[in-house]
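Peer 1: Could you work out the structure for the sequence below:
(one chain, ligands or ions: 1)
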Amino acid sequence: MRRYDVIIAGGGVIGCSIAYRLAKSGLSVAVFDAGTAGKASIAAGGMLGAQNEFEYENPLMNIALESRAMFPDLRDELFEESGVDIELRKAGLLKVAATADDKPALLKQYAFLSGKDASVKWLEPDDVPSVESCMSIETAGAIYLEKDNQVKAPLLARAFLQAAVNAGVHVYEREAVIRVVVEANTVCGVQTTRGVFHSDRVINAAGAWSGTLFAEADFMPPIIPVKGECISVKLSEAAPVKTVFAVDGCYIVPKRNKEMLIGATSYPGSFDSSVTAGGIRSLLNRAARLLPVLDEGIIDRTWTGVRPQSSDGLPIIGAHPSIKGLSICTGHYRNGILLSPVTGVLMERYLNGCEKTAAVLAPFSPFRFQTKKEELLV
Ligand code: GLY
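Peer 2: Just a heads-up that it's a prediction; the model follows:
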């Protein structure tokens with residue numbers, strides 16, 4: 001029977017980032033994935049929207065900013081450790097009010113973000129094309145976030161996976177964790193579709209699948225899947241370089257070779273992997289209104305992914321409320337790519353007993369749902 005210091009359920013960017021850091025700290029680590037590692041992660045747009053995603057004070061914003069700042073060094077480190085270039089592009093992001101109705105909310109976000117960082121700029125409609133020449137002047141203004149850069153998500157997933165394997169992590173693909181083996185309220189391993197593996201530390205990092213993973217545990221992380229559809233379009237002549245993100249949630253992320261990744265629809269509660277005509281029509285209409293050049297592009301491919309959303313919108317990170325040795329690390333929702341570097345580092349420190357890190361992670365503790373449940377019962 002195999003024994004590991006830590007077993008991780010879920011081989012996406014979160015699971016593999018944690019596995020990589022734990023292995024580098026000298027622990028033996030196994031990752032199990034029910035499918036192929038990184039299935040949900042590779043569907044992502046790759047935006048590092050540590051400012052774009054925040055409109056008011058939020059405990060997540062500090063670690064999001066910290067994680068975004070890690071990317072330049074991480075790119076070099078992962079290239080060294082895995083041979084994979086994550087294609088970090090430093091062109092910034094335009095958050096756009098497509099209509100006058102979108103403008104008040106965007107101005108409010110601008111006031112919040114510019115109060116914290118003087119590099120955040122407001123652009124009037126006529127000024128928008130001076131920052132991104134492909135942009136329409138038919139907008140109601142935009143925020144320019146020069147530090148919200150982007151990476152290619154499938155390459156980040158592959159780099160973390162390969163770096164983890166090279167650091168000694170055993171990755172078991174197409175091998176689902178069926179249940180956690182518990183004795184006297186303490187974890188002693190997992191049962192998978194192929195056998196039993198021992199460990200006194202298990203992490204549920206199964207993203208959109210984490211809410212139903214350990215059905216026998218008396219606390220399940222309150223996570224729902226949120227399906228998203230995407231399309232990529234290839235341009236041949238002029239192509240934008242900045243990420244364009246509309247207030248209504250439609251975004252265009254320019255990748256290498258003039259590939260424009262356009263996302264994403266949102267269907268809470270759905271794992272369905274079909275791409276609907278209506279979803280793609282809506283994305284193309286909204287995207288081409290901002291970047292008319294998209295109409296000249298060739299459709300490359302379409303796909304779907306699932307985001308793991310928690311019931312209060314924050315990640316769920318920390319000890320399981322009743323099973324000793326079981327940790328939860330999920331609920332990164334729209335920000336898994338952005339948060340993967342800092343999550344790996346924080347989880348490594350947390351599992352190795354760092355009290356300062358436990359304090360940083362306190363707002364994300366699974367215990368917050370227990371407290372709410374008890375309050376409701378009183
Ligand atoms: N991170 C963008 C999305 O979830 O669509």
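
Peer 1: tell me the secondary structure for the residue of the stretch 51-200 of the chain found nearest the ligand?
Peer 2: Proximity of the stretch 51-200 of the chain to the ligand (C-beta to the nearest ligand atom) peaks at residue 53, 8.0 Å away. No exception for glycine: its C-beta is placed from N, CA and C like everyone else's. Following DSSP: H, G, I helix; E, B strand; the rest coil, residue 53 is assigned to coil.

Peer 1: Next one, pLDDT for it please.
Peer 2: Residue 53 carries a pLDDT value of 96.

Peer 1: ditto for residue 216
Peer 2: Residue 216 is given a pLDDT of 71.

Peer 1: where does the spatially most central residue of the chain fall, helix, sheet strand or coil?
Peer 2: Centroid-nearest residue in the chain, with C-alpha atoms, centre = their mean: residue 336, separated by 1.2 Å. Under three-state DSSP, residue 336 falls in the helix class.

Peer 1: Surely it and residue 16 touch.
Peer 2: No. Counting by C-beta atoms under 8 Å, residue 336 does not reach residue 16; the two are 11.3 Å apart.

Peer 1: which stretches of the chain form helices?
Peer 2: 13-24, 59-82, 103-114, 128-131, 153-166, 277-290, 336-351, 355-361, 367-377 (DSSP state H).

Peer 1: Any chance of those in JSON lines with mean pLDDT and distance to residue 253 as columns?
Peer 2: Output for the helices of the chain, formatted as JSON lines (pLDDT from 0 to 100; distance: least, C-beta to C-beta, whole Å):
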{"stretch": "helix 13-24", "mean pLDDT": "98", "distance to residue 253": "16"}
{"stretch": "helix 59-82", "mean pLDDT": "98", "distance to residue 253": "15"}
{"stretch": "helix 103-114", "mean pLDDT": "98", "distance to residue 253": "19"}
{"stretch": "helix 128-131", "mean pLDDT": "95", "distance to residue 253": "16"}
{"stretch": "helix 153-166", "mean pLDDT": "98", "distance to residue 253": "9"}
{"stretch": "helix 277-290", "mean pLDDT": "98", "distance to residue 253": "11"}
{"stretch": "helix 336-351", "mean pLDDT": "98", "distance to residue 253": "11"}
{"stretch": "helix 355-361", "mean pLDDT": "96", "distance to residue 253": "29"}
{"stretch": "helix 367-377", "mean pLDDT": "67", "distance to residue 253": "33"}
